[in-house]
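Enquirer: Could you look at this predicted model? Sequence included:
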Amino acid sequence: KPLQIILTLLCHIFHNFPSNMLRKLKSISFLACLSCVLSHPLCLDDTYPDQQKEESNTFCTKLQGDLPNDKGSCCTADQEMVVKENLYDPFNLSAECAPLHMEVVCGECNPYAVHLFSTGEDVMILSTEFCLAYVAACAADLNLEANFCEKYASDDFYSYPVDDVLKPNEDLKPYFPKLEGQLTLLPTSMQIKPGTDVWWYVDQYGFISEIANTMEAEEIRTVFDISDRVLFNGEMGLLGLAFSPDFEETQMFFVYYIDKGMNSVIARFKYSEDLNACKNSEVKLLEFYQPFTNHNSGTLIFEPVDIFDPFNKDGYNLYITSGDGGGADNPSNSAQDLDQPYGKILRIKVFSDENKNYYEIPDGNIQGTVWAYGLRNPWKCSFDRDSAMDPKMWCADVGQDFIEEINIMQSGNFGWREFEGTRINMEANYNDDIKPVFEYCHNE
């Protein structure tokens, strides 16, 4: 277990560490360390730090270096006393070394403990500055190895002392102050209408409003309304919008909605000032039933290369995010089933030509419409458009009990339901899934 591994390494580093103390510390019960890289406060036993625990601590009180700690502690008073008696008291420490060593041995009590030990090393990740100061003060007292900082120092976001820079901005102001009370509270998307300076504001109830892109905007105009065919219930409704790359020429756009029969519908429409004409222009391209009311996902996006250069092309690849169908732990394991559309990124080739009311399967899909799988509810995705020829698709995938994740997408398996981020959620018979590039925990 992590604590035992930590102690084993400390025995190796601190040559005068009494071996009988290791046996005493094995009585402390810690679970296997969750590899929750780049997350927020979480303890080694997969629980959240506790403010009452911190208030009971008398030794591990400097848990975040010189920064105030408002996250709580991962150790009870009894646990921190075991740490002190076995990892701190046995050494004759100089006045310079003592406070720094206290911080190091208290690593497992740190509210970010699971992340500080996330690399698989047995000493928490120390910042380069702190590590150099620690070695300078403690090398003689603790017989530290000459290459100690080469092994255990890093300047990643989660290195000790943690500077939690992710703080709320209390200075944010409403962008449409004159529309207060007019905007609905259920937007699922906002996009600039191509060739204009107005927003299309997508409402879950089933309509889209147009708003001038200025803080002085005073009017909202309905430009699309299919609320009579949309099922609004929980996470169901009008969920996604994508303008055809050649919208300025064809006026075609695509939406994702849940209909009255609980079917996900991906449809093409042609914009018209006449709301009825617009609504009646619908061409349904893809439909599949939703077994639960949640995890419907619903993002639609086109590739940047087509958005930047939409002309003289026979169709465009449309990416469709699909949730796992709902229910705890994906009861049918549909996210891993390539024959089902759930828990996937689907990719189809669509057309703005009114005579092509169908879709095709583009080259490179894994199977049929499936481009990527093993996702829980990839709620929002977008392309990094720095390079039109080599764009990266970023997706935020909704977690279940512990972890939220962000992925850079590629065609492959992202691990759900066996993995929730990098955390093992259920027993897996594989370990070659694509890991997230960022994840954080539910208590933040």
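Expert: Alright, I've got the coordinates. Numbering: from 1, shown residues only.
Enquirer: Can you dump the C-alpha atoms of stretch 326-337 in PDB for me?
Expert: Output of stretch 326-337 as PDB, limited to C-alpha atoms (Å, rounded to 0.1, in the frame of the first residue of the first chain):
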ATOM      1  CA  GLY A 326     -27.700   6.400 -18.900                       C
ATOM      2  CA  GLY A 327     -28.000   4.500 -15.700                       C
ATOM      3  CA  ALA A 328     -25.300   3.900 -13.100                       C
ATOM      4  CA  ASP A 329     -22.200   2.000 -14.300                       C
ATOM      5  CA  ASN A 330     -23.600   1.700 -17.800                       C
ATOM      6  CA  PRO A 331     -25.700  -1.400 -17.000                       C
ATOM      7  CA  SER A 332     -25.600  -2.900 -20.500                       C
ATOM      8  CA  ASN A 333     -21.900  -1.900 -21.000                       C
ATOM      9  CA  SER A 334     -23.000  -0.300 -24.300                       C
ATOM     10  CA  ALA A 335     -20.100   2.100 -24.300                       C
ATOM     11  CA  GLN A 336     -17.800  -0.900 -25.100                       C
ATOM     12  CA  ASP A 337     -20.200  -2.400 -27.600                       C
END
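Enquirer: outside of that stretch, which residues touch it?
Expert: For stretch 326-337, the external contacting residues (C-beta atoms under 8 Å, 6 or more residues apart in numbering) are 290-296, 324-325, 340, 342-344, 373-376, 400, 413, 416-418, 425-426. C-beta coordinates here come from the backbone N, C-alpha and C atoms, glycine included.
Enquirer: Need the mean per-residue confidence for it.
Expert: Mean per-residue pLDDT for stretch 326-337: 93.
Enquirer: Now do the buried residues in that stretch.
Expert: When neighbours are counted by 16 or more other C-beta atoms under 10 Å, the buried residues of stretch 326-337 are found to be G326, N330, N333, S334, A335, Q336, D337.
Enquirer: Tell me what Y316 is bridged to.
Expert: The residues paired with Y316 through beta bridges, assigned by DSSP bridges, are V350.
Enquirer: how close does it sit to L144?
Expert: Between Y316 and L144 the distance is 59 Å, computed by C-beta to C-beta, to the nearest Å.
Enquirer: go on, E273?
Expert: Counting by C-beta to C-beta - E273 and L144 are separated by 75 Å.
Enquirer: Just the buried residues of stretch 142-153, please?
Expert: Judged by neighbour count using 16+ other C-beta under 10 Å, the buried positions of stretch 142-153 are L142, L144, F148, C149, Y152, A153.
Enquirer: what do you get for stretch 336-347?
Expert: Of the residues in stretch 336-347, those buried under the neighbour-count criterion (16+ other C-beta under 10 Å) are Q336, D337, Q340, P341, Y342, G343, K344, I345, L346, R347.
Enquirer: One more: stretch 222-242?
Expert: 223-227, 229-232, 235-242.
Enquirer: And for stretch 133-143?
Expert: Of all the residues in stretch 133-143, those buried under the rule 16+ other C-beta under 10 Å are Y134, V135, A137, C138, D141, L142.
Enquirer: can you check stretch 351-369 too?
Expert: Going by neighbour count (16+ other C-beta under 10 Å), the buried part of stretch 351-369 is F351, S352, Y359, P362, N365, I366, T369.
Enquirer: hang on, the first one packs against G315?
Expert: Read it as F351. Yes. The pair formed by F351 and G315 meets the contact definition of C-beta atoms under 8 Å, at 4.8 Å.
Enquirer: that older thread, and the buried residues of stretch 142-153, which of them are in helices?
Expert: With DSSP state H as the criterion, helices contain L142, F148, C149, Y152 from among the buried residues of stretch 142-153.
Enquirer: The last one and L132: what is the separation?
Expert: Meaning Y152. In this structure, Y152 and L132 are 11 Å apart, going by C-beta to C-beta.
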